[in-house]
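> Output the structure for:
(2 chains)
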2 protein chains.
Amino acid sequence: MNRPRAPLMPLDDALAQLLAQAQPLAEVEQVSTFDADSRVLAQDLVSALQVPAHDNSAMDGYALRCADLARPAEGASLPVSQRVAAGSPALPLQPGTAARIFTGAPIPLGADAVVMQEDCEVQPDQSIRVLRPPQPGQWLRRAGEDVAKDAVVLSKGERLTPASTALAASIGMDQLPVARRPRVALFSTGDELVMPGEVAPQNMRPGAIYNSNRFFLRALLQRLGCVVTDYGIVPDQRAATEHALRDASQAHDLILTSGGVSVGEEDHVKPAVQALGQLNLWQIAIKPGKPFAYGRVGGAHFIGLPGNPVSSYITFLLLVRPFLLSLQGATQLVPQAMALPAHFAWPRADQRREFLRVRRNAAGGLDLFANQSSGVLTSAAWGDGVVDNPPGQTIAHGDMVRFISLAELQA
Amino acid sequence: MNRPRAPLMPLDDALAQLLAQAQPLAEVEQVSTFDADSRVLAQDLVSALQVPAHDNSAMDGYALRCADLARPAEGASLPVSQRVAAGSPALPLQPGTAARIFTGAPIPLGADAVVMQEDCEVQPDQSIRVLRPPQPGQWLRRAGEDVAKDAVVLSKGERLTPASTALAASIGMDQLPVARRPRVALFSTGDELVMPGEVAPQNMRPGAIYNSNRFFLRALLQRLGCVVTDYGIVPDQRAATEHALRDASQAHDLILTSGGVSVGEEDHVKPAVQALGQLNLWQIAIKPGKPFAYGRVGGAHFIGLPGNPVSSYITFLLLVRPFLLSLQGATQLVPQAMALPAHFAWPRADQRREFLRVRRNAAGGLDLFANQSSGVLTSAAWGDGVVDNPPGQTIAHGDMVRFISLAELQA
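Predicted coordinates:
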């Protein structure tokens, strides 16, 4: 603490250094396609078929040959020569006739368009009169339109969504190869921490606070597909701390703590990690945030987050989330910011890059949460996004700013 | 099918009619705060304490009285009279001294600022010299700054997030009252459907397609907190269909099908629902989408989605998702659109409101998926959002359009 203030590390440098350590997990799991939502695909998916397999109808109606409508006088009708349901084969279309057809049913050979049933009139003799003549190709879904045979439909490293698991199902995949779940050991530090439910609010001793970081950390880790072992609050002795860390390192990919990584000397975790492995303490040029630790304990990664709730929350989203996605081999690690208008002013620039908690309003702009203190978790619960504000930047009402959706940062 | 084309129902009218049927579920569950992520809060949460409970330090450093620095000659030092760790009580500050203090530790009575340790120099006699004199209030976190006593910290109807469960924990809540999970019975219809894994791609009979809708429907229902019973593909006989529907209606809040709700006559579900309860068939003025059914079977709601994959997917997100959130008493049902620039042209306006699948590009604009056919599920897997384009509207390159994030629509 007699040192001059060290230069802070830019966030992008910290992220690059951290990701350089994130060797993707080698193991691949086969999971049911029903259970693959949010997992990261471990291999390219190549289609063994084309989708649709055959030209088929996009509507309930009548399949016909457009030329047959041009020939007779207007208002002439076409007899219905067959009926084709989805899943049943079609016969070639007899010239001068129409085929009753339903959505998804194969197009009879010789037909070149489908007319919606709403655009047809059924005559007393059950033939049809076409009220709106079609263009060739109308309401046809072409074979291979969705997926060509041998095409890569989903690439290794994609994080699966409900739509992409369904796309995999549409080419016949009932199992999918995904990266295995990262195993994370979660520690909390701080003598002041009390678990909710253990002591009633009116009985809290002076200086005690409820542990809240552990709640968002567990929820966020689960959303990222991790298996979490919660080690609770780190014991207040050096030997016990080392024992717990060594134990955790043997069956986990990552040991994650919040608190205990600032320059202050009241921390038990830091010297224990240093004794067992190695530890780098970074001061990152972000607000909220700043203190951050990365190291190793045996075969496990070690990451220490700041103890302030909002600092811990934001630092997790900006650094730990991409790290955990990268362990799973994901290719897209950071959600894309969007330019939206600030409906607030931020007249005091900070030397650090700031992540301001904001909420979109009905007018399409961003409102600022009044208290941007790093202790105030309310801002993170109230907000639906953050503004990524560059160092030294003030914001005037109406300025376009970089908005990142919390739903995307928490997905 | 001899009728003139019926006027289509605007999406907002359909949503309003649907939500008018969504009486919130009466039952409330108490769940561990650790398990409350994504659930809907059933009661206001009122804080029995203030957070922080006491003024405390936002930094590791020294607590002092600013006036004591003004008095001595510049460079004079303050002896350190006590040491206050987080979770331990502080003595009143002796005038003319500083207290060593750590993040989260209570501020000694009489101190009015904290100086970061990086801004202090420890002297040979262990007193400190302050390099950057503080303003009163610097690095103090005020009692009640995050949460005032008796304040409503989270309101009934909020959908909980990692941050809001942590906020609840910070006021001592280890259990939270949430709406019970909706029970949903899922049916698929269509003789052409084959489950992936049952038949290999090379052995698929002509006209057969793999069931894909069931995959995104199950994943989306689970994301919305529902308990899903998958009834598989509806039997191809009227009596068996009625039996399955009646069975499902007895233990479910919602029976959901995809396929079988268009005007075509090849559907087994429609007449069965009409025989057992009631059914309204809507034609909604959206693309993809349009056919939609809402009805009742016994005590259960019935919703029928279109069978085209993208139509089914979009209709679920725009109508079924708000319906299921509303059953849980949620107050925010629809994510907010954002104005972003189209980096594509859409020269052909449609009479229906369109939901175009797009993806944000590195330049901050939106790229369009080339094939917007409703059969092409690739568009939904590729996209990261949709453009909500009004009826009759063309789009020129550079126009600002309404973007809705798929991550938010799928949360």
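> going forward, measure contacts and count neighbours with C-alpha atoms only.
Fine.
> Where does pLDDT dip in the stretch 101-250 of chain A?
For the stretch 101-250 of chain A, applying pLDDT under 70 flags no range at all.
> which residues does A:Thr241 contact?
Neighbour list for A:Thr241: A:234-235, A:268-269, A:272 [criterion: C-alpha atoms under 8 Å, 6 or more residues apart in numbering or on different chains].
> how far away is it from chain B?
From A:Thr241 across to chain B, the span is 18 Å (C-alpha to the nearest C-alpha, to the nearest Å).
> if we can go back for a sec, out of the contacts of A:Thr241, which is most surrounded?
For those, the largest number of neighbours (other C-alpha atoms under 10 Å in any protein chain shown) sits with A:Val269, at 25 neighbours.
> In CSV, list the C-alpha atoms belonging to stretch A:341-348.
Listed next in CSV are the C-alpha coordinates belonging to stretch A:341-348 (Å, rounded to 0.1, in the frame of the first residue of the first chain):
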residue,chain,number,x,y,z
PRO,A,341,-30.9,6.7,-26.9
ALA,A,342,-30.1,7.7,-23.3
HIS,A,343,-33.1,9.4,-21.6
PHE,A,344,-30.8,10.5,-18.8
ALA,A,345,-27.7,12.6,-18.3
TRP,A,346,-24.4,11.3,-16.9
PRO,A,347,-22.4,14.4,-16.4
ARG,A,348,-19.5,13.0,-14.4
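> what's in contact with it?
The contact list for stretch A:341-348, computed with C-alpha under 8 Å, 6+ apart, reads A:364-368, A:394-401.
> let's see it at 6 Å
Contacts with stretch A:341-348, where a contact means C-alpha atoms under 6 Å, 6 or more residues apart in numbering or on different chains, come from A:365-367, A:394-400.
> number of nearby residues for whichever residue of the stretch 151-300 of chain A sits closest to chain B?
When distances are taken as C-alpha to the nearest C-alpha, the stretch 151-300 of chain A reaches nearest to chain B at A:Glu192, 3.7 Å away. A count of nearby residues for A:Glu192, using other C-alpha under 10 Å, gives 18.
> Spatially nearest residue to it (excluding sequence neighbours)?
Leaving out its chain neighbours, the residue that sits closest to A:Glu192 by C-alpha to C-alpha, 6 or more residues apart in numbering or on different chains is B:Gly87, at 3.7 Å.
> Now do the contacts for that neighbour.
Applying C-alpha under 6 Å, 6+ apart, the residues contacting B:Gly87 are A:191-192, A:207-208.
> again, only this time at 7 Å
With contacts defined as C-alpha atoms under 7 Å, 6 or more residues apart in numbering or on different chains, B:Gly87 is in contact with A:191-192, A:207-208, B:105.
> how far does stretch A:112-127 sit from the chain's center?
On the basis of C-alpha atoms, centre = their mean, to the nearest Å, the separation between the geometric centre of stretch A:112-127 and that of its chain is 46 Å.
> A:Ala293 looks like it's in a strand, true?
Yes - A:Ala293 forms part of a strand when assessed by DSSP: H, G, I helix; E, B strand; the rest coil.
> sorry, back to before: closest to B:Asp146 out of the contacts of A:Thr241?
Nearest to B:Asp146 among the contacts of A:Thr241, counting by C-alpha to C-alpha, is A:Val234 at 25.5 Å.
> Would you check that the closest one makes contact with A:Phe187?
Yes - under the criterion of C-alpha atoms under 7 Å, A:Val234 is in contact with A:Phe187, at a separation of 6.1 Å.
> Backbone dihedrals for the residue of the stretch 151-300 of chain A closest to chain B, both of them.
Backbone torsions of A:Glu192, given as degrees, to the nearest 10, read phi -80, psi -10.
> The spatially closest residue to A:Met338 that is not a sequence neighbour bridge partners, please.
Sequence neighbours aside, A:Phe403 is the residue nearest to A:Met338 in space, at 5.1 Å (criterion: C-alpha to C-alpha, 6+ apart). On the basis of DSSP bridges, A:Phe403 is bridged to A:Met338, A:Val387.
> Pull the number of nearby residues for A:Phe403.
26.
> need the contact list for it.
A:337-340, A:385-388.
> how close does it get to A:Gly385?
The gap separating A:Phe403 from A:Gly385 is 7 Å, by C-alpha to C-alpha, to the nearest Å.
> just the strands in the stretch 1-150 of chain A please.
Using DSSP state E, counting those that start in this stretch, the strands assigned to the stretch 1-150 of chain A run over residues A:28-32, A:45-46, A:56-57, A:61-64, A:80-84, A:98-101, A:113-116, A:120-122, A:128-130, A:140-141.
> Now the first one: buried residues?
Buried residues in strand A:28-32, defined by neighbour count with 16 or more other C-alpha atoms under 10 Å in any protein chain shown: A:28, A:31.
> Equivalent analysis for the fifth one, please.
When burial is assessed from 16+ other C-alpha under 10 Å, strand A:80-84 yields the following buried residues: A:80, A:82-84.
> what's the answer for stretch A:93-111, then?
Residues of stretch A:93-111 classed as buried under the neighbour-count rule (16+ other C-alpha under 10 Å) are A:93-94, A:96-108, A:111.
> Identify all contacting residues around it.
Outside stretch A:93-111, the residues that touch it by C-alpha under 7 Å, 6+ apart are A:54-65, A:68, A:78-87, A:89-92, B:207, B:264.
> Tell me the buried residues within those.
By the neighbour-count criterion of 16+ other C-alpha under 10 Å, the contacts of stretch A:93-111 include these buried positions: A:54-65, A:78-80, A:82-87, A:89-91, B:207, B:264.
> The closest residue to A:Val194 other than its chain neighbours: neighbour count?
Counting by C-alpha to C-alpha, 6+ apart, A:Val194 lies nearest to A:Tyr210, which is 4.7 Å off, once chain neighbours are set aside. Other residues lying near A:Tyr210 total 25 when counted by other C-alpha under 10 Å.
> thought A:Tyr210 was touching A:Glu192?
No - A:Tyr210 lies out of contact with A:Glu192 (C-alpha under 7 Å); the separation is 8.1 Å.
> burial count for A:Ala285?
Using other C-alpha under 10 Å, A:Ala285 is surrounded by 22 other residues.
> go on, the one 3 residues further on?
The number of residues packed around A:Pro288, counting by other C-alpha under 10 Å, is 25.
> One more: A:Ala362?
For A:Ala362, which is what you asked about, the neighbour count (other C-alpha under 10 Å) is 9.
> Give the helix, strand or coil label for the nearest residue in space to A:Asp267 that is not next to it in sequence.
Leaving aside its chain neighbours, A:Asp267 sits nearest to A:Gly260 (4.8 Å; criterion: C-alpha to C-alpha, 6+ apart). In three-state terms, and counting by three-state DSSP, A:Gly260 is coil.
> quick one: contacts for A:Gly260?
Applying C-alpha under 7 Å, 6+ apart to A:Gly260 gives the contacts A:189, A:267, A:269-270.
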